[in-house]
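Q: sequence plus the predicted model coming up.
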Amino acid sequence: MTAVAEPAIPPDVYRRRYWVLAVACVAFTIIGMALTILNVAIPALTRELGASTSDLQWIFATYGLLFSGLVVTGGALGDRFGRRRGLIVGLVIFGLASTLGAFATEPFHLIVARAFMGVGAALIMPGTLSIITTVFPPEQRERAIGIWAGVGGLGFIIGPPIGGLLLHEFWWGSVMLASPPVVLVTIVAMLAVVPESRDPAHRPLDALGSVLSIVMITALVFGFIEAPSEGWTGAPVLLAFGVSAVAVVAFILRELKTANPMLDVRLFRRTTFTAPALMLVFGFFVVWGLQFLLPQFLEFVQGESVVTVGLLLSVISITWCVSCTFATRATAGLGERYAIAGGLLVTAVGVLLLLPAVNGPSTWWLVISLLVIGAGMGLAMVPSTTMLVAALPPEKAGVGSAMNDVTREFGTSFGVAVLGSVVAFGYQDQLGSAADVLPASERAAAENNIGDAVSSAEQLGGRAGEQLIDAAHAAFTSGMRAAIVVGAVVLVATAAVSLVLLPHQRRLHRWHWSGALGRPHHLASTGAEGSS
């Protein structure tokens, strides 16, 4: 098989490659900050916008749905029309949507704003990683990705504390206004140092594939979000799952038949693509599903202030970022197989350590748990990301790096929907007759949302109010325990699958996919040992 050489990096671009990396990290930081800063505002959204549990799930899931549904198309648009141009357009959309969302007066307005933020992020994220792959040579690329993952992940650290401080002084919408100023600075820096790059082939876009991907993911998430209120056998839920299944089949058939697929589903034949994709999906499924639930638990059940909640939620990102910087060295010694599986198992241990934290008001248990979760995710994420990026040739860097984002955002949306529904089922089941002391309209709200239950109990007062608060606390805690166990089981199962699918040798080769059958042709090694 004939090796295909990567295009040479111009000397002036090579000299400023770390400035380009810095700008890409800042763009990533904006996404991370916008995601985690809103977590702190979840209880405030319940109080000030009257958001129900379903509303909250849609506020967070909608962002991920549009992101995961459009990010591959966003990467393809960048490949075709210019990656820097795509990044700038995405930043503009993201900044405007975030600004408008700050002034939402009802949950639906915020859901729409988050949807447009997802569209902007779908253009931003593939651009950051694909630009890195085009300005760094193969032997430096894994290290650059590690820096991108670690430094760019600072947004996940600074988001919650900034959000807590803003909420302490201002209204909930202030957290949405933290990103736009940074967006403006990033656009200026990008115009100054980031070179334009694109795929010279100008392949046509797969618009139908993009639409089908959004339909299949949205319908699936809708089913899980609505199941607690409609029941698993309710007509809307069954219809949603049916639509998702049909869309999956249609998507696969479309991608197999079209000459320029949005996603070459033949890639999933390679275990070195499938295993890291599963890790990213289910790793983010668990971590961000729990990150969605923890603010509600900490504020409504344990009575923590928004500033404290913000500080606690930032803990997970500290060891996550540190672990990312050491993950390349760990992978060199262990190999991808054991680095990914080991990272998942460490994360599972951290998740299980949440049990004593929710069984009693123990801040130290919570801190230890989040530190362990972050360390495990960082260890598993870097080799998984590198393997996904290495699955496609340089001219398809936008689509290849977009696949990394698809797995993360789909996992996040799916985790919010599924683990949120696990807690909702447990909460509704355990609350039982405790809400019968309320009027019918308030009882329905209390049965659906712990924030409404606590608010109603405080207004009710007396012994009945105390009993309702105690019942709501116990019911939500029961749901949290169930979600924690489900999360740990998912992580252990994913680790086992990774051990089965991945080879023993280190194999971080780049492959060029061509031909009707998608046969792989060895392109270049990223510096890993082992043979193809």
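A: Good, I have the coordinates.

Q: for this protein, what spans make up the strands?
A: 509-514, 519-525 (DSSP state E).

Q: quick check: mean pLDDT of the first one?
A: This predicted structure assigns strand 509-514 an average pLDDT of 39.

Q: quick one: low-confidence ranges for the stretch 1-150 of the chain?
A: 1-8, 10, 149-150 (pLDDT under 70).

Q: excluding sequence neighbours, find me the nearest residue to Ile93.
A: Residue nearest to Ile93 in three dimensions, not counting chain neighbours: Gly120, with 3.5 Å by CB to CB, 6 or more residues apart in numbering. Quick note: C-beta positions are derived from backbone N, CA and C, even for glycine.

Q: where in the stretch 401-532 of the chain is pLDDT low?
A: For the stretch 401-532 of the chain, the stretches with pLDDT under 70 are 401-405, 432-448, 460-461, 464, 504-532.

Q: repeat that with 90
A: Within the stretch 401-532 of the chain, the segments meeting pLDDT under 90 span 401-480, 497-532.

Q: coming back round to it: dump the residue contacts of the residue nearest to Ile93.
A: Gly90, Leu91, Val92, Ile93, Phe94, Gly95, Ala97 (CB atoms under 8 Å, 6 or more residues apart in numbering).

Q: and the residues you listed, which are buried?
A: Gly90, Leu91, Ile93, Phe94, Gly95, Ala97 (16 or more other CB atoms under 10 Å).

Q: now do the same contact list for Val422.
A: Counting by CB under 8 Å, 6+ apart, the residues that Val422 touches are Gly479, Ala482, Ala483, Val486.

Q: same list (those) but as CSV, adding distance to Leu344 and neighbour count.
A: As requested, the contacts of Val422 are arranged in CSV below (distance: CB to CB, whole Å; neighbours: other CB atoms under 10 Å):
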residue, distance to Leu344, neighbour count
Gly479, 24, 27
Ala482, 20, 18
Ala483, 18, 29
Val486, 15, 18
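
Q: just name the closest of those residues to Ile318, please.
A: Taking CB to CB as the measure, Ala483 is the one of those closest to Ile318, at 23.1 Å.

Q: please tell me how far that closest one sits from Leu352.
A: Between Ala483 and Leu352 the distance is 12 Å, computed by CB to CB, to the nearest Å.

Q: and the gap between the residue nearest to Ile93 and Ala104?
A: Counting by CB to CB, the gap from Gly120 to Ala104 is 17 Å.

Q: what of Val40?
A: 16 Å.

Q: mind checking which of those two has more residues around it?
A: Neighbour count, other CB atoms under 10 Å: between Val40 and Ala104, Val40 has more, with 30 against 21.

Q: I'd like the distance between the residue lying closest to that one once chain neighbours are set aside and Gly234.
A: Leaving aside its chain neighbours, Val40 sits nearest to Gly163 (3.8 Å; criterion: CB to CB, 6+ apart). Distance of Gly163 to Gly234, computed by CB to CB: 35 Å.

Q: Leu294 now?
A: 29 Å.

Q: and for Ala76?
A: In terms of CB to CB, Ala76 sits 37 Å off from Gly234.

Q: who's more crowded, the two?
A: Between Ala76 and Gly234, counted using other CB under 10 Å, the more crowded position is Ala76 (27 against 14).

Q: my read: the more buried one touches Pro204, true?
A: No - with contact defined as CB atoms under 8 Å, Ala76 and Pro204 do not form a contacting pair (9.3 Å).

Q: wait, doesn't Met279 sit right on Ala493?
A: No - the pair Met279 / Ala493 is not scored as a contact, 11.4 Å apart, by CB under 8 Å.

Q: ok, these two, which is more surrounded?
A: Remark: of Met279 and Ala493, Met279 carries more neighbours, 32 against 14, as counted by other CB under 10 Å.

Q: residues in contact with that one?
A: Contact analysis of Met279 by CB under 8 Å, 6+ apart lists Ile340, Gly343, Leu344, Ala380, Met381, Ser384, Thr494, Ser498.

Q: 10 Å - rerun?
A: Contacts for Met279 were tallied using CB atoms under 10 Å, 6 or more residues apart in numbering; they are 336, 340-341, 343-344, 347, 377, 380-381, 383-385, 387-388, 407, 411, 491, 494-495, 497-498, 502.

Q: one more: Phe116?
A: Counted by CB under 10 Å, 6+ apart, Phe116 has contacts Thr62, Tyr63, Leu66, Ile93, Phe94, Leu96, Ala97, Ser98, Leu100, Gly101.

Q: nearest residue to the fifth one other than its sequence neighbours?
A: It refers to Phe94. Gly120 (3.1 Å).

Q: distance of the one you found from Leu184?
A: 14 Å.

Q: follow-up on the earlier one: tell me the one of the contacts of Val422 nearest Glu466?
A: The closest of the contacts of Val422, once distances to Glu466 are taken by CB to CB, is Gly479, at 20.8 Å.

Q: Ser52 versus the spatially closest residue to Ala472 that is not a sequence neighbour, what's the distance?
A: Distance criterion CB to CB, 6+ apart; nearest residue to Ala472, sequence neighbours excluded, is Ala453 at 3.9 Å. According to CB to CB, Ala453 and Ser52 sit 12 Å apart.

Q: more crowded one of these two?
A: Taking neighbours as other CB under 10 Å, Ala453 and Ser52 compare with Ala453 leading, 28 against 18.

Q: do you know how far the more buried one is from Ala27?
A: 40 Å.

Q: one more: Leu212?
A: Applying CB to CB to Leu212 and Ala27 gives a distance of 28 Å.
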